[in-house]
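Student: build me a model:
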Amino acid sequence: MDWGNVTAEDLVEALREVDWSLPPRPLSEFFSRFTVPRSYAKWNSRLKCNFYYYRTNYYIMVILILAIGFIWRPLAIVAALLTALSIAFLNDSFAGTFSEKVTRTVRQFSPHLAAKMRPPLTPVIRGRPSAKRAVHICGRPRWVFVLIFSSVSFILWYASCGLLTVLWAFAIGLLATVIHASFRTPNLKARLNTFREEFRAVWRNYSEL
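Tutor: A predicted model of the protein is given here:
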């Protein structure tokens with residue numbers, strides 16, 4: 001992939017649909033080789049490639065920085081976790097995996113309740129879905145969970161008086177992410193992983209036809 005031709009909107013859309021359930025990259029690879037980009041085009045391409053390849057590492061790093069910033073504010077830690085969860089629900093893969101695991105756990109105690117948590121079926125006309133299948137979590141539209149978790153986290157942020165602290169911690173986390181993504185040299189494994197993700201996306205779109 002020529003990351004120089006990838007727009008920010010394309011990157012955000014890819015991060016929304018990509019699988020986030022994969023484990024983070026090893027630390028030996030994460031802190032392996034750093035070089036200064038030779039031009040703005042090289043820096044722009046490297047930044048997007050590393051954002052995509054090390055997405056799980058960056059996500060965990062930001063969460064850890066937020067946790068360190070709120071080590072003396074337990075209520076703010078809960079708010080940070082709820083905020084991170086509400087953001088993670090925006091990813092299709094995470095939302096589907098979360099719903100499946102919760103439904104499977106509930107099925108062990110109440111099969112009747114688990115049956116109600118299944119997503120609604122999409123009508124099929126002439127062998128094709130009549131509309132793009134909406135993402136559901138535990139049988140409810142995704143936006144319901146995003147709204148609930150976001151509202152609760154906002155209330156906890158206000159109650160803990162840690163809004164300024166989270167802004168500083170979040171800014172430090174983003175700065176650390178940008179610095180790493182700017183100087184970490186993409187390796188062959190990162191490029192091969194990008195091609196594999198592209199093939200999966202194309203095959204998924206083809207199977208939906």
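Student: give me the neighbour count for the residue lying closest to residue 169 once chain neighbours are set aside.
Tutor: Counting by CB to CB, 6 or more residues apart in numbering, residue 169 lies nearest to residue 69, which is 3.4 Å off, once chain neighbours are set aside. From N, CA and C alone the C-beta is placed, and that goes for glycine too. By other CB atoms under 10 Å, 21 other residues sit near residue 69.
Student: ok, residue 69 - contacts?
Tutor: Applying CB atoms under 8 Å, 6 or more residues apart in numbering to residue 69 gives the contacts 165-166, 168-169, 172.
Student: quick one: it and residue 56, what's the gap?
Tutor: Residue 69 is 21 Å from residue 56, where distance means CB to CB, to the nearest Å.
Student: ditto for residue 87
Tutor: In terms of CB to CB, residue 87 sits 14 Å off from residue 56.
Student: any stretches of the chain with poor pLDDT?
Tutor: Across the chain, the ranges flagged by pLDDT under 70 are 1-21, 121-133, 162, 190-209.
Student: let's see it at 80
Tutor: 1-23, 66-67, 69-74, 76-77, 80, 93, 114, 116-134, 160-166, 187-209 (pLDDT under 80).
Student: tell me the centre residue of it?
Tutor: Against the mean C-alpha coordinate of the chain, by CA atoms, centre = their mean, the closest residue is residue 88 at 4.9 Å.
Student: the closest residue to that one other than its chain neighbours is in what secondary structure piece?
Tutor: Closest residue in space to residue 88, ignoring its immediate chain neighbours: residue 94 at 4.8 Å, by CB to CB, 6+ apart. Using DSSP states H and E, residue 94 sits in helix 92-107.
Student: which helices and strands does that helix pack with?
Tutor: With contacts defined as 3 or more CB pairs under 8 Å, 6 or more residues apart in numbering; DSSP states H and E, helix 92-107 has these neighbours: helix 8-17, helix 74-88, helix 111-116, strand 136-137.
Student: at 10 Å what do you get?
Tutor: Packing contacts for helix 92-107, counted by 3 or more CB pairs under 10 Å, 6 or more residues apart in numbering; DSSP states H and E, involve helix 8-17, helix 74-88, helix 111-116, strand 136-137, helix 142-160.
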